[in-house]
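Participant: the amino acid sequence is not available; the structure is as follows:
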């Protein structure tokens, strides 16, 4: 998230689905050894930020994502029922991914990742993801709308926010009209991001 | 600031100028020894958060604030040219405070605090505050609009954000339409707030 609350910048395109400036939100990730590994690359930095990212990758047994995150934005391509998505032949997830959509579709296998398309809502997607994850965690990877649906459903045990030190001035907000309270449980800072961990507060 | 970017909640009143839920943003402060001292009270908690707040109080030689922060909101009272402000007979500042306003007015002395009213803009207010602060720092205390004016003027050397773990869902945003980059220089977490220190990035 940017300091002004956006998880994507304004004017997204197919080439730049995170919008103008949106790439800055993920700069902290690109140089990390664990991120490079996930993308089939060697090298990269180690240390506390890499440990943090590696812990999420290793503890994740299944992901939930929105239709637009699967297809790379909200352009006309997003509605192509046969699109293979934005993630190429080797998506970095490596675990089952449950895509919330209104279009029923057969599962799509790409490399080590299988995308399952769920048409009956967030609760069903989370339930199927939990079953697939087994002992490991379900990670709701985005977009903002799906994160908010999961929060509203009371299904979130932990929120990890990575706040990049930029103002985007527009784009897609993570939060909207949901008065909620959290408790900060952990914090880690680097010049490129403040990593904040929360659990929903009981109130 | 709330996690969703607000420095005051919706529907402010004279009694609750920070709006609905706005008090939650400052909960981390109320129990600190340094905060209680500033308000003429004894006791209170010590530790890293208290040290952080004490450092700001002790390094501040002058403050800059907006008219509405002086008068306690945007109701009709905000335009009373003789109002003594929202801060009572013993405002907690204890240093000269420069209030940005469109109404010229003689300085107002309340306890250890003198309010000066500046009608010729943010640059003039900052210049007068710098002269008054001497070796110490000028702290722009708010509201959001004055903070943004100071950022836009390129006059800010450090931003300290105290992010409370709540979503307010509405109110006054700190940031708006100003694409800027920062560098995170320090971070401190407690269950009640993530304390983030930034310096503007050279780009």
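Facilitator: Sure, I can see it. All values reported here derive from a predicted model rather than from experimental measurement. Numbers count the residues shown, from 1 in each chain, chains lettered A, B, ... in the order given.

Participant: contacts, neighbours, all on C-alpha from now
Facilitator: OK.

Participant: elements contacting the helix or strand of chain A at the bottom of the mean pLDDT ranking?
Facilitator: For chain A, the helix or strand with the lowest mean confidence is helix A:67-71, at a mean of 89 (criterion: mean pLDDT, DSSP states H and E). In terms of contacts (3 or more C-alpha pairs under 8 Å, 6 or more residues apart in numbering or on different chains; DSSP states H and E), helix A:67-71 is packed against strand A:97-100.

Participant: for the strand it packs on, which outside residues touch it?
Facilitator: A:62-67, A:70, A:113-119, A:121-122, A:125, A:128-129 (C-alpha atoms under 8 Å, 6 or more residues apart in numbering or on different chains).

Participant: quick check: bridge partners of residue A:63?
Facilitator: In this entry, residue A:63 is beta-bridged to residue A:97, residue A:139, by DSSP bridges.

Participant: give me the pLDDT for it.
Facilitator: pLDDT recorded at residue A:63 is 98.

Participant: okay, which residue is most central for chain A?
Facilitator: In chain A, the C-alpha closest to the average C-alpha coordinate belongs to residue A:141, at a distance of 2.2 Å (C-alpha atoms, centre = their mean).

Participant: up against chain B, what does chain A have?
Facilitator: For chain A, the residues found near chain B under the criterion C-alpha under 8 Å from any C-alpha of the partner chain are A:3-5, A:165-170, A:174-194, A:196, A:198.

Participant: of these, buried ones?
Facilitator: A:3-5, A:165-170, A:174-175, A:180-190, A:192-194, A:196, A:198 (16 or more other C-alpha atoms under 10 Å in any protein chain shown).

Participant: okay, and which of those map to strands?
Facilitator: Taking DSSP state E as the definition of strands, these contribute A:166-167, A:182-190, A:193-194, A:196, A:198.

Participant: min pLDDT across those residues, which one?
Facilitator: Lowest pLDDT of those: residue A:190, 89.

Participant: which residues does it contact?
Facilitator: Residue A:190 sits next to A:49, B:184, B:185 when contact means C-alpha under 8 Å, 6+ apart.

Participant: next one: residue A:104
Facilitator: Residues near residue A:104 by C-alpha under 8 Å, 6+ apart: A:117, A:118, A:119.

Participant: strands - which of those residues land there?
Facilitator: Those of the contacts of residue A:104 lying in strands (DSSP E): A:117, A:118.

Participant: buried subset of the contacts of residue A:104 as a PyMOL selection?
Facilitator: Selecting only the buried entries of those in PyMOL, with 16+ other C-alpha under 10 Å as the criterion:
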select buried, chain A and resi 117+118
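
Participant: columns pLDDT and distance to residue B:26 on top of the contacts of residue A:104, output as JSON lines?
Facilitator: JSON lines is the format used below for those (pLDDT from 0 to 100; distance: C-alpha to C-alpha, whole Å):
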{"residue": "A:117", "pLDDT": "95", "distance to residue B:26": "44"}
{"residue": "A:118", "pLDDT": "97", "distance to residue B:26": "42"}
{"residue": "A:119", "pLDDT": "96", "distance to residue B:26": "42"}
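
Participant: any stretches of chain A with poor pLDDT?
Facilitator: Chain A contains residues with pLDDT under 70 at A:73-79, A:81, A:203.

Participant: tell me which residues of stretch A:93-106 are tucked away?
Facilitator: Within stretch A:93-106, the residues that count as buried by 16+ other C-alpha under 10 Å are A:93, A:94, A:95, A:96, A:97, A:98, A:99, A:100, A:101.

Participant: mind picking the two most distant members of those?
Facilitator: Spanning the widest gap among those are A:94 and A:101, at 20.5 Å by C-alpha to C-alpha.

Participant: residues near residue A:12, how many?
Facilitator: Residues lying near residue A:12 (other C-alpha atoms under 10 Å in any protein chain shown) number 20.

Participant: hang on, isn't it packed against residue A:68?
Facilitator: No - applying C-alpha atoms under 8 Å as the test, residue A:12 and residue A:68 come out as separate, 11.4 Å apart.

Participant: so the nearest residue to residue A:27 once chain neighbours are set aside versus residue B:38, what's the distance?
Facilitator: Among residues not flanking residue A:27 along the chain, residue A:192 sits closest, at 6.9 Å (C-alpha to C-alpha, 6 or more residues apart in numbering or on different chains). Counting by C-alpha to C-alpha, to the nearest Å, the separation of residue A:192 from residue B:38 is 34 Å.

Participant: and stretch A:95-105, end to end?
Facilitator: Stretch A:95-105: ends 18 Å apart by C-alpha to C-alpha.

Participant: so how far is that stretch from its chain's centroid?
Facilitator: 14 Å (C-alpha atoms, centre = their mean, to the nearest Å).
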